[in-house]
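A.B. asks: dropping the sequence and predicted coords here.
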Amino acid sequence: MRISVGKGHVAQSGAEVSVLPVFEGKDFLAQLPFVLPLAKKRAERFAQAQDFSGKAGQVVVLPSSDEEGPDVVVCVGMGERQRGGDTHAAREMGGHAVQRARALGFRTIALDATGKEWNIPMIEAFAEGVLLADYAFSVYKQKNGEKCLASCDIFVRDRSLVAPVRKVLENVEAVIGGVTIARDLVNIPAHDMTPERLSEAAMEIAKASRGDIVVRTLDKEACAKEGMGAFLAVAQGAERPPLFIELAYTAPRGAKETVALVGKGVTFDSGGLSLKPADGMMTMKCDMAGAAAVLGVFAILAKLRPKIHVRGYIAATENMPSGGAIRPGDVVKTLAGTTVEILNTDAEGRLTLADAMTYALREKPDVLLDLATLTGACMVALGEEIAGLMSNHRGLAKQLLTSAQTAGEKLWELPLEPRYKETLKSDIADLRNIATTRYGGSLTAGLFLEAFVPPETPWAHLDIAGPAFAEKPLGACLGKGGTGYGVRTLWQFLQDRSGKSGAFSKR
Ligand code: BES
Ligand code: ZN
Ligand code: ZN
């Protein structure tokens, strides 16, 4: 979709749909352009009959009575007008507008952003909503699925706003481009989304970066040589070979920090010999959503080249049952040297992550983040829309919560309760891969990972099991399927960090 900005009037754009934000509690009629004065009363009655009052998320479509102007006015409720604007409402508004325009068969929309509440962050959020909602995944459909929009024109009040908004729109396109890559990677079924395909995606991203991003892959033998016993234990039941994928983005001069991103890359999680029930397996192609988010971020790095070094690590494999699969009760040696008794082969993510994190730590990053669809327990705790955050560093946790909020992704902190470490003690090895209790499953998974991080390294773990994959639409911008959760938060975080001189406030 082409998204553009200009000064002027929506009527001049030639778009079929004029998107009209309507605030609650204000005179509805006064907010209506493109409707002849005589028709306004009728429009108001029409809106009233549909209970439209400008509440956030309400939509009503009015025919435009301006011969020259758009065909229809799609009025979208923004809720109460807020001082300084409400980016959440603007993002959702963009989503609703696209959904309705598409449902009506229109392909071109225009937004009148000349009102005083339309500052740059509001316009940015609207554009994000539009681009997110215009996603469609129809590669596996015989008929080419839903029609996406062709264009979205945004009209601002002042000529001086055009250049900065244009810059912002370019950034939004790059960022949502990254989210789209992550969504596609998650949506592609597991028979096609193999470790090899993940590595190909990484290489494509590197190619587009023209040298800023370098990718290296380690095959099974190379991983064995390194000593990645935990990762390979998960991979040993699969017929398709595992791959360890490493990405390195080198920033332009002036970058002070290196952030390491580790993404869980289980391309299908059957549970292994601790087999999942059929219902629990249905969405398990999404178990590489952490890896997809990391790749999405690298796609953005390639385009926007921020001043911060970033490394990415993905231990990619399937988790399958077979005669060669790891057995419950087996003991493996991790890359860190720690031995782990594997009592449940379905708790495989932490095993792959432990080795990937140990490997990542060799480069001594300033910050280590991992993203993983790690526990069903996190969905029990926080539901389908909110990811869990655990960290050994207060400042880092706070920064991530702020980044997530700015990005419009929901994140909530959970504790790494030291007393629960007890539950991970094994009778015959250093650790067991599941706790002795089923309570607090996300926390004990987090504590397992923490055992592989030196306390002086700021580290945070995002359990994205809930929001990575939408079984029902998530708000107005994200339909069913992969959501690309994490890409926007991580990007916001990297941007915030690259602006700062690096270090956090005290632990
Ligand atoms: N990939 C799953 C977690 C998951 C569940 C992600 C639902 C997305 C949606 C993970 O590997 C897993 O199976 N975890 C187990 C851990 C248990 C065996 C301790 C779980 O959550 O049941
Ligand atoms: Zn599992
Ligand atoms: Zn898993």
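C.D. replies: Ah, there it is. Ligands and ions are numbered 1, 2, ... in the order given.

A.B. asks: contact partners for the residue of the stretch 351-500 of the chain found nearest ligand 1?
C.D. replies: Using C-beta to the nearest ligand atom, the single residue of the stretch 351-500 of the chain nearest to ligand 1 is residue 376, 3.3 Å away. In this view, the C-beta of every residue, glycine as well, is placed from N, C-alpha and C. Listed by C-beta atoms under 8 Å, 6 or more residues apart in numbering, the contact set of residue 376 reads 280, 441, 465.

A.B. asks: now, which of these sits nearest residue 254?
C.D. replies: Nearest to residue 254, judged by C-beta to C-beta, of these is residue 465 at 37.2 Å.

A.B. asks: between the contacts of residue 376, which is nearest residue 298?
C.D. replies: residue 465 (22.3 Å).

A.B. asks: SS state for residue 74?
C.D. replies: strand (DSSP: H, G, I helix; E, B strand; the rest coil).

A.B. asks: report the beta-bridge partners for it.
C.D. replies: Under DSSP bridges, the beta-bridge partners of residue 74 are residue 19, residue 61.

A.B. asks: if I look at the residue of the chain found nearest ligand 3, how far off is residue 201?
C.D. replies: Residue nearest to ligand 3 within the chain: residue 269 (3.7 Å; C-beta to the ion). Look at residue 269 and residue 201: by C-beta to C-beta, to the nearest Å, they are 19 Å apart.

A.B. asks: what do you get for residue 428?
C.D. replies: On the measure of C-beta to C-beta, residue 428 and residue 201 end up 40 Å apart.

A.B. asks: between the two, who's got more neighbours?
C.D. replies: Higher neighbour count among residue 428 and residue 201: residue 201, with 25 against 9, using other C-beta atoms under 10 Å.

A.B. asks: so the more buried one sits against residue 181, correct?
C.D. replies: Yes. Here residue 201 reaches residue 181: they are 7.3 Å apart, a contact under C-beta atoms under 8 Å.

A.B. asks: please name the bridge partners of the residue of the chain closest to ligand 3.
C.D. replies: In beta-bridge terms (that is, DSSP bridges), residue 269 pairs with residue 319.

A.B. asks: out of the helices and strands in this protein, which is least certain?
C.D. replies: Here the helix or strand of the chain ranked lowest by mean pLDDT, DSSP states H and E is helix 37-49, holding a mean of 79.

A.B. asks: OK, contacts around residue 153?
C.D. replies: When contacts are counted by C-beta under 8 Å, 6+ apart, residue 153 touches 3-6, 10, 13, 15, 108-111.

A.B. asks: out of the residues you listed, who's near ligand 2?
C.D. replies: Checking these against ligand 2 by C-beta under 5 Å from the ion, not one of them is in range.

A.B. asks: between the residues you listed, which sits nearest ligand 2?
C.D. replies: Ranked by distance to ligand 2 (C-beta to the ion), the contacts of residue 153 are led by residue 3 at 39.3 Å.

A.B. asks: helix, strand or coil for the closest one?
C.D. replies: Going by three-state DSSP: residue 3 is strand.

A.B. asks: around it, how many other residues sit close by?
C.D. replies: There are 22 residues near residue 3, going by other C-beta under 10 Å.

A.B. asks: kindly state the beta-bridge partners for it.
C.D. replies: Beta-bridge partners of residue 3, as defined by DSSP bridges: residue 152.

A.B. asks: now for it: which residues touch it?
C.D. replies: Residues near residue 3 by C-beta under 8 Å, 6+ apart: 127, 130-131, 151-154, 169, 172-173.

A.B. asks: what about the helices in the chain?
C.D. replies: Ranges of helices in the chain, per DSSP state H, are 37-49, 87-103, 120-133, 159-187, 195-208, 220-226, 229-235, 278-281, 289-304, 349-361, 376-382, 394-407, 441-450, 487-499.

A.B. asks: same list, the ones you listed, but as TSV with distance to residue 388 please.
C.D. replies: Listed next are the helices of the chain as TSV, based on distance: least, C-beta to C-beta, whole Å:
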stretch	distance to residue 388
helix 37-49	41
helix 87-103	21
helix 120-133	22
helix 159-187	19
helix 195-208	24
helix 220-226	28
helix 229-235	22
helix 278-281	19
helix 289-304	13
helix 349-361	13
helix 376-382	5
helix 394-407	11
helix 441-450	5
helix 487-499	13
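
A.B. asks: how about the residues of the stretch 151-300 of the chain that lie near ligand 3?
C.D. replies: Contact residues, the stretch 151-300 of the chain versus ligand 3 (C-beta under 5 Å from the ion): 266, 269, 287.

A.B. asks: okay, and the common contacts of residue 201 and residue 181?
C.D. replies: Common neighbours of residue 201 and residue 181, using C-beta under 8 Å, 6+ apart, are residue 295.

A.B. asks: quick check: residues of the protein near ligand 2?
C.D. replies: Within reach of ligand 2 by C-beta under 5 Å from the ion, the chain has these residues: 269, 346, 348.

A.B. asks: residue 126 is in contact with residue 110, isn't it?
C.D. replies: No. Residue 126 is not in contact with residue 110 according to C-beta under 8 Å; the separation is 11.7 Å.

A.B. asks: who touches both of those two?
C.D. replies: Taking C-beta under 8 Å, 6+ apart as the contact criterion, the common neighbours of residue 126 and residue 110 are residue 154.

A.B. asks: residue ranges with poor pLDDT in the stretch 301-450 of the chain?
C.D. replies: Low-confidence segments of the stretch 301-450 of the chain (pLDDT under 70): none present.

A.B. asks: now the residue in it that ligand 2 sits nearest to. Its backbone dihedrals?
C.D. replies: For the stretch 301-450 of the chain, the residue closest to ligand 2 is residue 346, as judged by C-beta to the ion, at 3.8 Å. Here is the backbone geometry of residue 346 (degrees, to the nearest 10): phi -80, psi -10.
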